[in-house]
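A.B. asks: The following comprises the amino acid sequence and a computationally predicted model.
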Amino acid sequence: MLKFKHSSLSVDSGSCEVDQLRDDCPQPAMNSQPPVVSPINEAVFRTVVNDLNGLGQELADVAGEIEVLNTETDACFKSFSDLKISAAEVQDSNDRIHAAAEASFEVAETTSQDVSRSREMIDITHTKVGELMHAVSGISTQLQGLQEAFSSVRDVAGAIDAIARQTNLLALNATIEAARAGEAGKGFAVVASEVKALAAQTSKATESIGSTLSELDKEADLLISLSGEATSSMTEVEESTSSMLGVIQGLDTAFQTIRTSSQEIENGVSANNQSLRELVGEVNSVHAAFENNQKGLASASVRMIKAAKTTDRLVASSSLGGLETENTFYIETIQDLALKVSEAFEDELMAGRISERDLFDSTYTPIANTDPEQVMTSFTEMTDRVMPAFQEPIVAKHEAIAFVAAVDKNGYLPTHNKVFSKPQGSDPVWNAANCRNRRIFDDRVGLAAGRNTEAFLLQTYRRDMGGGNFVLMKDLSAPIYVRGRHWGGLRMGYRPS
């Protein structure tokens, strides 16, 4: 008659997360009296256990694939979330560009109108300058004609002066002749005297006219000089006005082009803005759908992991009964080894080869130029000295056992089996598979193994060997206690049959 052994069963509860492993996690119910299995049902029980074991492996494999897919999907979701934010930022930027394009068009429109008015004013100014230049040129010509008239007047005045001089001489002779005539020439003498006086006045008048003509001639010369300078300045003004008119005409053409371009930019940005709004709407819709799918996948991953844990718990329960299963040997072996490792650590403390503070040290110092990163801590040297005696014999004796290694409560694995403790090379993928010592395995399985405080923990999982290579593995762990303090766990990885 076969009976189930009643022991302190230690399994991973499907409802407890990795960082919540504690005493209140639900454990499989235990009857106060172990059930009795008749020999008739032994074959059926073996079949159920084998099927359950196979189901657990399949669940663990699928759970691992879903977990990886969920991680990748989560990364994609984060990238898509960044895309959503970027799309919104692009839309905001496009809105600002659109506003700037509208403002630019308005400025270009106003400037174009101002330039057009300036061109018209300069055009009028250019015409007025031409007219003024023509007028100044006419004045200069008239002044030259006036000078010629002054010359004619001067000539006439000279002739009058000459006549006045001759008249004065004649009057003088007439006076002399009147004096000779005596009493008979007195009347003639009076006339001669008046003629003489008139000649003198005429001479003075012509002299005054000559002086005035000289002054007028000087003023005319000055006006002609100023007119020449004004004509020269007007020529320069006309040339400058012509150049400015050309520049303004060029500016007018340029601003007309800017105005047209601004209008085209505004129209293009406006159309682009509408397309962007539609794109952002589509991105938001896809993001919402992606978020729902990601949540569903995450939920499925959690539920699948819980189902795999439940199956592991049931397999472990069957392995503790009177019927031997493939897990019974490994459970008993890992518990025995964990106890011996605990004793070995305590011996190290008693011998003074390590302090309790260093043994429980959680300060991890990175090893330079390692990829994946390896770290050292205060107890690494001690585990390198102590652990091989427990690790290597059991691995060498049983082909199905892939590794045996101790991890602290943070998943730090200081000393691995020799086959996984090769010196790192230049290939990170090769390093990930062959240089697994001095590494922190803070994944779900690694942390659960290090933090478990029950008698043992069975986990079926996909072991990441690096480079996208996964191997289905069963992980058994038992806690390591040193002087009543939980240090971590002893892990055993073996290949399921």
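C.D. replies: Good, I have the coordinates.
A.B. asks: How confident was the prediction at Ala448?
C.D. replies: What the model reports for Ala448 is a pLDDT of 92.
A.B. asks: Mind giving me the packing neighbours of the host helix or strand of it?
C.D. replies: In this assignment (DSSP states H and E), Ala448 forms part of helix 444-451. Under the contact criterion of 3 or more C-beta pairs under 8 Å, 6 or more residues apart in numbering; DSSP states H and E, helix 444-451 touches strand 401-408, strand 457-464, strand 470-482, strand 485-494. Every residue, glycine included, has its C-beta placed from N, CA and C.
A.B. asks: Nearest to Arg385 among these would be which one?
C.D. replies: Of all these, it is strand 401-408 that lies closest to Arg385, at 12.7 Å by C-beta to C-beta.
A.B. asks: For the closest one, the averaged confidence score.
C.D. replies: What strand 401-408 shows for mean pLDDT is 96.
A.B. asks: Could you check the angle it makes with strand 470-482?
C.D. replies: With axes from the mean of the first three to the mean of the last three C-alpha atoms, to 10 degrees defining the directions, strand 401-408 sits at 40 degrees from strand 470-482.
A.B. asks: what angle sits between strand 401-408 and strand 457-464?
C.D. replies: Taking the same axes, to 10 degrees, strand 401-408 and strand 457-464 form an angle of 110 degrees between their directions.
A.B. asks: let's have the chain start at 21 instead
C.D. replies: Will do, 21 is the new start, and the previous item becomes strand 421-428.
A.B. asks: quick check: mean pLDDT across whatever helix or strand comes next after strand 421-428?
C.D. replies: Going down the chain from strand 421-428, the next helix or strand is strand 432-433, by DSSP H and E. Per-region confidence: strand 432-433 scores 97 on mean pLDDT.
A.B. asks: Name the strands paired with strand 432-433 and say parallel or antiparallel.
C.D. replies: Strand pairing for strand 432-433, using DSSP bridges, gives strand 459-460 (antiparallel).
A.B. asks: Now for Ala204, how many residues are close by?
C.D. replies: Per other C-beta atoms under 10 Å, the neighbour tally for Ala204 reads 9.
A.B. asks: Please name the residues that touch it.
C.D. replies: With contact set as C-beta atoms under 8 Å, 6 or more residues apart in numbering, Ala204 has no partners.
A.B. asks: can you tell me how far it sits from Ile196?
C.D. replies: As defined by C-beta to C-beta, to the nearest Å, Ala204 lies at a distance of 15 Å from Ile196.
A.B. asks: and if you look at Ala426?
C.D. replies: Distance of Ala426 to Ile196, given as C-beta to C-beta: 167 Å.
A.B. asks: secondary structure element for Ser281?
C.D. replies: Judged by DSSP H and E, Ser281 forms part of helix 206-339.
A.B. asks: Who are the packing partners of the next helix or strand along the chain from that helix?
C.D. replies: Of the helices and strands lying after helix 206-339 in sequence (DSSP H and E), the nearest is helix 348-370. The contact analysis (3+ C-beta pairs under 8 Å, 6+ apart) places helix 348-370 against helix 206-339, helix 376-379, helix 400-406, helix 408-417, strand 421-428, strand 490-502, strand 505-514.
A.B. asks: outside of the third one, which residues touch it?
C.D. replies: Identification of contacts with helix 400-406 by C-beta under 8 Å, 6+ apart yields Val361, Ala364, Phe365, Glu368, Arg373, Ile374, Asp378, Leu379, Ala426, Pro434, Thr435, Arg458.
A.B. asks: Tell me the most packed of these, by neighbour count.
C.D. replies: When neighbours are taken as other C-beta under 10 Å, the top entry among these is Ala426 (29 neighbours).
A.B. asks: ok, the nearest residue to that one once chain neighbours are set aside to Ala358 distance?
C.D. replies: Nearest residue to Ala426, sequence neighbours excluded (C-beta to C-beta, 6 or more residues apart in numbering): Leu510, at 5.2 Å. As judged by C-beta to C-beta, Leu510 and Ala358 stand 4 Å apart.
A.B. asks: go on, Gly150?
C.D. replies: Distance from Gly150 to Ala358, by C-beta to C-beta: 112 Å.
A.B. asks: When these two are compared, which one has more neighbours?
C.D. replies: The residue with more neighbours, out of Gly150 and Ala358, is Ala358; 25 against 15, by other C-beta under 10 Å.
A.B. asks: got the contact list for that one?
C.D. replies: Ala358 neighbours (C-beta under 8 Å, 6+ apart): Ser497, Ala498, Pro499, Ile500, Gly509, Leu510.
A.B. asks: Kindly report the same for Ala425.
C.D. replies: Residues near Ala425 by C-beta under 8 Å, 6+ apart: Met407, Gln411, Leu433, Thr435, His436, Asn437, Leu510, Arg511.
A.B. asks: Out of these, who's the most crowded?
C.D. replies: Leu510 (29 neighbours).
A.B. asks: In this structure that one contacts Leu357, no?
C.D. replies: Yes: Leu510 is within contact range of Leu357, at 5.8 Å (criterion: C-beta atoms under 8 Å).
A.B. asks: Model confidence score at the residue nearest to Ala426, please.
C.D. replies: 97.
A.B. asks: Count residues in the vicinity of Glu168, would you?
C.D. replies: Neighbour tally, Glu168, other C-beta under 10 Å: 11.
A.B. asks: gap between it and Asp175?
C.D. replies: 11 Å.
A.B. asks: for Pro408, same thing?
C.D. replies: 143 Å.
A.B. asks: Those two: which has the busier surroundings?
C.D. replies: Using other C-beta under 10 Å as the criterion, Pro408 and Asp175 rank with Pro408 on top: 15 against 10.
A.B. asks: ok, the more buried one - contacts?
C.D. replies: By C-beta under 8 Å, 6+ apart, the contact list for Pro408 reads Thr435, Lys438.
A.B. asks: and His436, helix, strand or coil?
C.D. replies: What DSSP: H, G, I helix; E, B strand; the rest coil gives for His436 is coil.
A.B. asks: Run through the residues that contact it.
C.D. replies: Counting by C-beta under 8 Å, 6+ apart, His436 makes contact with Gln411, Phe423, Ala425, Arg456, Asn457.
A.B. asks: Which residue comes closest to it once chain neighbours are left out?
C.D. replies: Using C-beta to C-beta, 6+ apart, the closest residue to His436 is Asn457 (3.8 Å).
A.B. asks: so the one you found makes contact with Ser441?
C.D. replies: Yes: using C-beta under 8 Å, Asn457 makes contact with Ser441 at a distance of 4.2 Å.
A.B. asks: Quickly list what's touching both of these two.
C.D. replies: Taking C-beta under 8 Å, 6+ apart as the criterion, Asn457 and Ser441 both touch Thr435.
A.B. asks: quick one: which of the two has more around it?
C.D. replies: More crowded of Asn457 and Ser441, by other C-beta under 10 Å: Asn457, with 20 against 17.
A.B. asks: what secondary structure does that one sit in?
C.D. replies: Look at Asn457: counting by three-state DSSP, its state is coil.
A.B. asks: ok, Met512 - contacts?
C.D. replies: The neighbourhood of Met512, defined by C-beta under 8 Å, 6+ apart, consists of Tyr350, Thr353, Ile354, Leu357, Ile414, Ile421, Phe423, Val424, Asp495, Leu496, Ser497.
A.B. asks: Could you give the number of residues near the nearest residue to the first one once chain neighbours are set aside?
C.D. replies: To tie it back to what came earlier, the one meant is Tyr350. Spatial nearest neighbour of Tyr350, chain neighbours left out: Leu496 (5.2 Å); criterion: C-beta to C-beta, 6+ apart. Neighbourhood size, Leu496 [other C-beta under 10 Å]: 27.
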